[in-house]
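Asker: Compute the structure for the input listed below.
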Amino acid sequence: MVICLFITEIAFSQWVQTEGPTGAITIKGIFENKGKLYIGTDSGLLYKSDSISGSWDYMNSIYSNVYAKKGDSLLIGTTGGIKVLDLSSPNIKPVSYGQYMTNSNIKAINQTDTCLYVGLLYDGFCKSKGFSDKWEEFNNGLPFILLDGVFRSRDVYSIAHLSDVIFCTTEFGLFKTNVSPILWSPAISGIPKEVNNPHDIKFLKAIDETIFVGIQNKLYSSSNKGNSWEETYSFGSTVSSLNEFVDDYYVTTLGNGIYISKDKGVSWSNINSGLSDLNVTTLTMIDTVLACGTSSNGFYYKSGNVWINNNRGIIYSSIKSMAATSKAIIANDEQKVYSSTDGNSWTDITPPDSKKYFGSVATMGDTFWLSGKNDAISGPNDDNFIIYSEDDGISWKNPNHGVPFERGAIFSMYISDKTLYAYIYEEMCATNDLGLDWWYNLSLPSQYCNNFNGFVVYNSIPFAISCGYAELLKCNSEGNWILSNTGLPADLKLDYLTKTSDALYVNVNGRGFYVSKDNGNSWSFTSNTIDLDHGINSSTFNGHILFISTPNGVFYTDDYGQNWKSVNIGLSNKVGISIKIFNNTLFLATSKTGIWKYDIKDIVSSNLESNLNKDQPKIYPNPTSGYLNVQTDSNKGFEFKIVDLMGKQILSTHQLSDGRIDISILQNGTYIIILNSNEGVFTEKLIINR
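Answerer: Take a look at the predicted model:
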């Protein structure tokens with residue numbers, strides 16, 4: 001069930017991409033179309049720029065194997081067929097190339113003036129006449145692997161062609177055929193047998209009527225249509241591409257940069273000045289300027305005799321979590337930890353052990369916490385850990401005593417006040433002295449489904465959702481988990497738990513958000529919700545305003561889930577993984593495009609002027625010994641309640657006598673005041689001290 005009502009786009013401010021974290025950027029293709037540049041990366045991310053030295057804008061994400069350009073169209077070979085981008089369209093969205101190839105794993109694309117050739121994993125060589133969706137397989141003569149005694153698997157990894165001969169590489173090496181009829185035969189004469197396999201063959205390239213093949217660190221050529229080959233040159237490292245621009249040849253390598261030949265491949269020299277990454281994957285010429293892509297440092301262009309690195313806007317990082325202190329925001333991916341004090345540039349503060357695989361970050365005051373394990377493979381003997389830093393990530397420390405249980409997964413962490421809660425599956429422990437001592441009687445009892453699927457602390461009370469139907473739990477004063485699910489549908493599971501300053505929220509799978517304003521004693525369905533079919537990844541709050549990040553973007557509510565507004569202007573990638581507030585700025589960690597920021601002062605200030613905040617209640621004295629004075633708008637309907645820290649109602653009234661409430665019957669201690677009105681809810685901690 002999905003309800004999508006009253007979701008509006010706010011028209012002020014917008015998301016801006018921060019300067020990182022950048023991550024390693026491997027460029028697989030560089031293209032030009034009508035004055036605009038496009039690059040594709042190994043992750044499938046596509047970017048565009050108005051100039052070779054300009055900033056790059058993220059376009060979309062397509063998991064790509066190979067690229068080819070025809071006219072205004074960019075053909076992208078993926079694991080799910082061919083996708084086509086119309087580069088002349090103002091709104092570039094990929095569309096599938098017909099239906100036949102939808103489920104095919106495309107490894108190679110090559111074209112003539114009249115047809116398209118593709119190489120497939122499992123299904124070999126296919127041809128489309130006239131660029132239609134009418135495909136034919138031509139695998140006669142290509143060797144195959146027999147799978148399960150029935151299925152013939154053929155793999156074609158690269159394709160090139162002369163005027164009347166086609167070449168391809170397969171699991172069994174290099175093959176060729178006439179254009180008509182297509183009947184494949186080996187083309188290995190002159191190529192040493194020990195290097196004739198698909199893992200050594202790096203490219204095929206036709207220049208005029210000469211065919212070239214790059215094998216390991218050597219370049220071979222044939223001027224007799226592949227009947228025989230001769231070694232043209234041996235380079236210092238693995239070759240990755242061959243190109244001809246004007247009358248010069250260029251070879252790129254994975255380790256020794258770029259070579260140029262001005263005599264048709266007889267002699268070669270390096271042109272690497274300024275090229276800090278010598279693992280070059282692709283090379284092209286835009287007008288008269290050379291541009292290349294590398295395996296980690298991204299995009300370069302040649303200015304005079306020097307290569308210039310230009311990665312502005314090209315950010316490839318998938319952040320798993322974020323947390324904030326009073327002076328910094330920190331974030332982590334699987335292998336790195338980053339911090340930012342200005343909310344724009346990021347500093348690597350990774351602990352000095354590259355083998356670690358990180359889970360999440362959390363903060364306690366100005367102390368950073370980090371969970372992880374020593375490798376990414378789950379198993380019973382994994383060395384899980386939680387470490388912390390008290391000096392902004394300059395150094396990291398292990399708690400004096402380890403977490404008192406060991407499991408195969410990474411610890412999840414939650415911090416409330418000065419207490420760190422760590423949990424895996426059904427087990428939970430906590431510490432308030434930097435790990436010197438742990439108490440671990442917080443695990444889920446056997447009568448509940450044994451997984452913590454969510455955890456928060458609200459008004460000093462721990463709340464959790466487990467993997468069972470309607471299992472929302474809270475920890476009572478005796479330290480026992482009890483059900484706290486009145487009002488929740490009994491036949492549905494819960495998949496996300498969060499809070500604001502004055503309410504608890506739980507997302508019910510297939511139904512939407514429910515809210516509680518009385519410490520979880522009762523829950524009510526919010527009348528409107530958003531499309532949460534793909535889940536909620538993270539949330540944060542400012543006062544009573546709740547922000548959530550989802551695979552469909554960022555949304556917020558200021559009326560306890562009754563209405564939601566989207567916050568997606570400027571956000572080119574809406575797959576939000578983690579969301580956090582730092583210095584009145586909303587930060588969103590996205591899938592593969594780094595961290596973005598959004599100034600939320602307009603959202604917060606506009607809501608501060610509404611609801612009860614227009615006439616903020618005044619409740620005094622506090623602490624008190626026997627009575628309270630309550631000043632509020634007498635024209636508003638209201639309910640005044642006092643509950644204990646477990647949410648048990650102690651006192652309730654709809655009437656005030658001269659604005660005075662007698663609380664002399666209450667014992668010393670800490671309570672919660674809840675004032676519900678027609679326009680909102682106000683909460684305040686109450687201390688009785690006689």
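Asker: tell me which residues in stretch 61-79 are buried?
Answerer: Using 16 or more other C-beta atoms under 10 Å as the test for burial, stretch 61-79 gives 61-62, 64-69, 73-78. Using the backbone N, CA and C atoms, a C-beta is placed for each residue, glycine as well.
Asker: Of those residues, just say which sits nearest to V456.
Answerer: When the buried residues of stretch 61-79 are compared for distance to V456 (C-beta to C-beta), S61 wins out at 31.7 Å.
Asker: quick one: contacts for that closest one?
Answerer: For S61, the contacting residues are 43-46, 573, 591-592, by C-beta atoms under 8 Å, 6 or more residues apart in numbering.
Asker: Just the residues you listed: which are in helices?
Answerer: Counting by DSSP state H, none of the members of the contacts of S61 fall within helices.
Asker: Return the closest of the residues you listed with respect to T670.
Answerer: Nearest to T670 among the contacts of S61, with distances taken as C-beta to C-beta, is S591, at 42.0 Å.
Asker: And the pLDDT at the closest one?
Answerer: Here, the pLDDT recorded for S591 equals 85.
Asker: Kindly report the same for V246.
Answerer: 92.
Asker: and the chain, what are its domains?
Answerer: 66-193, 321-608, 615-688 (automatic domain parsing).
Asker: right, so those: which one is the most enclosed?
Answerer: Across the domains of the chain, the average number of neighbours (mean count of other C-beta atoms under 10 Å) peaks for domain 321-608, which reaches a mean of 18.
Asker: For the spatially most central residue of the chain, which non-adjacent residue is spatially closest?
Answerer: Nearest residue to the geometric centre of the chain (C-alpha atoms, centre = their mean): S591, 1.7 Å. Spatial nearest neighbour of S591, excluding adjacent residues (C-beta to C-beta, 6 or more residues apart in numbering): V575 at 4.1 Å.
Asker: now T114
Answerer: In space, T114 is closest to G130, 6.5 Å off (C-beta to C-beta, 6+ apart).
Asker: rewinding a little: of all pairs in the contacts of S61, which one is the farthest apart?
Answerer: Across those, no pair lies farther apart than L46 and S591, at 14.5 Å, counting by C-beta to C-beta.
Asker: which residues does the residue nearest to V95 when sequence neighbours are not counted bridge with?
Answerer: Distances taken as C-beta to C-beta, 6+ apart put V84 closest to V95, at 5.5 Å, once the chain neighbours are dropped. Applying DSSP bridges to V84 gives these bridge partners: L75, V95.
Asker: and V84, what is it in contact with?
Answerer: Contact analysis of V84 by C-beta under 8 Å, 6+ apart lists 73-76, 94-97.
Asker: Could you tell me the per-residue confidence at it?
Answerer: The predicted local confidence for V84 is 88.
Asker: go on, T114?
Answerer: 88.
Asker: Now it: phi and psi?
Answerer: Phi and psi for T114, reported as degrees, to the nearest 10, are phi -120, psi -10.
Asker: if I look at it, how far off is S132?
Answerer: T114 is 11 Å from S132, where distance means C-beta to C-beta, to the nearest Å.
Asker: do the same with L686
Answerer: Distance from L686 to S132, by C-beta to C-beta: 76 Å.
Asker: just C115 next, same as before
Answerer: 9 Å.
Asker: hmm, which two among the contacts of V84 are most spread apart?
Answerer: L74 and S96 (13.7 Å).
Asker: rewinding a little: wait, doesn't the residue nearest to T114 sit right on Q111?
Answerer: No. With contacts counted by C-beta atoms under 8 Å, G130 stays clear of Q111, the gap being 11.6 Å.
Asker: which SS class is the residue lying closest to E19 once chain neighbours are set aside?
Answerer: In space, E19 comes closest to S345 once its chain neighbours are excluded; the distance is 4.8 Å by C-beta to C-beta, 6+ apart. What DSSP: H, G, I helix; E, B strand; the rest coil gives for S345 is coil.
Asker: And for I603?
Answerer: Classified using three-state DSSP, I603 is helix.
Asker: okay but it is in contact with Y556, surely?
Answerer: Yes. The pair I603 / Y556 is scored as a contact, 6.8 Å apart, by C-beta under 8 Å.
Asker: Now do the contacts for F299.
Answerer: Contact partners of F299, counting by C-beta under 8 Å, 6+ apart, are 25, 27, 30, 39, 56, 291-293, 309-311, 314.
Asker: Can you name the residues bridging to it?
Answerer: G293.
Asker: What distance do you get for it to A291?
Answerer: For F299, the distance to A291 (C-beta to C-beta) stands at 7 Å.
Asker: tell me, what's touching the two both at once?
Answerer: I30.
Asker: returning to what we had before: what touches both of I603 and Y556?
Answerer: In terms of C-beta under 8 Å, 6+ apart, I603 and Y556 are both contacted by the residues 545, 567.
Asker: Output the below-cut-off pLDDT ranges for the stretch 251-400 of the chain.
Answerer: Along the stretch 251-400 of the chain, segments meeting pLDDT under 70 span 354-355, 375-382, 400.
Asker: 50 instead?
Answerer: 378-381 (pLDDT under 50).
Asker: Break down it into its strands, ranges please.
Answerer: Ranges of strands within the stretch 251-400 of the chain are 258-261, 269-270, 280-286, 289-294, 299-303, 306-309, 321-324, 329-332, 337-340, 347-348, 357-364, 367-373, 384-389, based on DSSP state E, counting those that start in this stretch.
Asker: Alpha carbons only: can I get the fourth one in PDB?
Answerer: When you say that, I think you mean strand 289-294. This file holds the C-alpha atoms of strand 289-294, laid out as PDB (Å, rounded to 0.1, in the frame of the first residue of the first chain):
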ATOM      1  CA  VAL A 289      43.300  19.300 -27.400                       C
ATOM      2  CA  LEU A 290      44.200  15.900 -26.100                       C
ATOM      3  CA  ALA A 291      42.200  14.600 -23.100                       C
ATOM      4  CA  CYS A 292      42.700  11.400 -21.100                       C
ATOM      5  CA  GLY A 293      41.100   9.400 -18.300                       C
ATOM      6  CA  THR A 294      43.000   7.500 -15.600                       C
END
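Asker: buried stuff in that strand?
Answerer: For strand 289-294, burial by neighbour count (16+ other C-beta under 10 Å) applies to 290-294.
Asker: Give me the nearest residue to G543, chain neighbours excluded.
Answerer: That would be S501: by C-beta to C-beta, 6+ apart, it lies 5.2 Å from G543.
Asker: Show the model's pLDDT score for the one you found.
Answerer: Taking S501 on its own, its pLDDT is 93.
Asker: measure it to Y458 for me?
Answerer: Distance from S501 to Y458, by C-beta to C-beta: 10 Å.
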